[in-house]
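**Student:** Everything below, folded, please.
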Amino acid sequence: MPAACPLRDGVPHEISAEQSISCGHHTHSFFFFLPTVLLLALYDAGDQPQRGLLFLAGLTAGLAAWTKNEGLLFVIVIGLSRCLVAWREGRGKRLICDLAACGAGLLPVLGVVMLFKTCLVSANHDNLLLNQTWHTALPRVLSPSRYLTIAEGFAINAFRVAKPFAIALPICFLLLGKPSARYRTSVGLPAATGVFCLMLAGYLCVYLITPYDLNWHLQTSFDRLLTQLWPVGLLIFFLCRATPEELLDETQAEGTMNDE
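**Tutor:** Sure thing, here's the model as predicted:
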């Protein structure tokens with residue numbers, strides 16, 4: 001069924017269901033997932049705690065949960081990543097205040113999501129976890145063939161998502177080939193890397209216990225899930241590379257040493 005869409009050139013038009021779904025994926029990627037990770041990275045990189053950034057991060061994470069179901073996984077991942085970053089940086093005393101600031105932005109939106117799901121959505125709408133028990137889920141988790149199928153699906157869909165960047169990324173790697181001097185000392189990088197890895201681990205858990213046919217589930221969802229994480233992956237890539245300014249400063253420093 002086509003869906004109503006805003007005006008285009010002053011004329012109302014319609015979009016297909018596939019186009020509407022695609023818009024939802026891009027909304028997750030560029031308006032919620034990536035901004036949330038950027039806000040967390042900026043907070044971690046600051047000398048003084050600016051908890052307004054955490055409030056905004058919680059708000060965007062809540063909006064991700066409102067947009068699609070995987071946004072709920074994203075909310076859980078954000079909480080886990082904050083705990084891991086605090087443990088890594090030895091900032092356990094600030095953790096409660098950080099989570100409170102993040103929760104202040106998250107909870108109002110999350111409350112609306114929970115109200116919507118409990119009052120307006122039928123019990124059979126989200127049946128991924130419906131009637132799941134240890135007796136049904138454990139054999140799937142212990143099946144080696146499911147891990148191989150998921151790994152194969154990941155490789156195929158990762159290539160499909162990254163294919164448009166097959167030329168641009170190698171050029172960037174050649175131009176910015178040196179690791180950043182901030183690579184090992186940056187406190188913003190763990191925030192992005194933690195969210196990226198935990199989201200992939202969450203996707204793995206979902207596919208392991210899914211009651212649907214695994215091949216069908218991978219074919220119909222894995223590419224869009226990777227598309228949502230792709231901007232975060234690009235952020236991690238460029239955080240690990242030296243900026244043009246860093247390369248220029250290093251070149252000038254080497255020239256100065258050679259002159260001496």
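
**Student:** Go ahead and confirm Phe55 touches Gly105.
**Tutor:** Yes. Phe55 is within contact range of Gly105, at 4.2 Å (criterion: Cβ atoms under 8 Å). (Glycine included, C-beta is placed from N, CA and C.)

**Student:** helix, strand or coil for Lys163?
**Tutor:** Taking DSSP: H, G, I helix; E, B strand; the rest coil as the rule, one finds Lys163 in the helix state.

**Student:** how many other residues sit next to it?
**Tutor:** 9 (other Cβ atoms under 10 Å).

**Student:** same check, this time on the one 4 residues further on
**Tutor:** Ile167 is flanked by 9 other residues according to other Cβ under 10 Å.

**Student:** Please state the backbone phi and psi of it?
**Tutor:** phi -100, psi -40 (degrees, to the nearest 10).

**Student:** neighbour-wise, which of Phe55 and Gly105 wins?
**Tutor:** Taking neighbours as other Cβ under 10 Å, Phe55 and Gly105 compare with Gly105 leading, 23 against 18.

**Student:** Report all helices and strands that the helix or strand containing that one contacts.
**Tutor:** Assigned by DSSP states H and E, Gly105 belongs to helix 92-119. Helix 92-119 sits against helix 51-67, helix 70-89, with contacts defined as 3 or more Cβ pairs under 8 Å, 6 or more residues apart in numbering; DSSP states H and E.

**Student:** tell me which residues of whatever helix or strand comes next after that helix are tucked away?
**Tutor:** Moving toward the C-terminus from helix 92-119, the next helix or strand (DSSP H and E) is helix 134-141. Neighbour-count burial for helix 134-141 flags Ala137 (criterion: 16 or more other Cβ atoms under 10 Å).

**Student:** next one: stretch 158-172
**Tutor:** Buried, per 16+ other Cβ under 10 Å, within stretch 158-172: 158, 161.

**Student:** repeat for stretch 234-243
**Tutor:** For stretch 234-243, using 16+ other Cβ under 10 Å, the buried residues are 234-236, 239, 241-242.

**Student:** Among the residues you listed, which one sits closest to Lys163?
**Tutor:** Using Cβ to Cβ, Leu234 is the member of the buried residues of stretch 234-243 that lies nearest Lys163, at 14.2 Å.

**Student:** Turn the buried residues of stretch 234-243 into JSON lines, columns for secondary structure.
**Tutor:** Rendered in JSON lines, the data for the buried residues of stretch 234-243 read as follows (three-state DSSP):
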{"residue": "Leu234", "secondary structure": "helix"}
{"residue": "Leu235", "secondary structure": "helix"}
{"residue": "Ile236", "secondary structure": "helix"}
{"residue": "Leu239", "secondary structure": "helix"}
{"residue": "Arg241", "secondary structure": "strand"}
{"residue": "Ala242", "secondary structure": "coil"}
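
**Student:** Tell me the one among those nearest to Ala151.
**Tutor:** Closest to Ala151 out of the buried residues of stretch 234-243 is Ile236 (20.7 Å), distances taken as Cβ to Cβ.

**Student:** Right, I'll leave it there.
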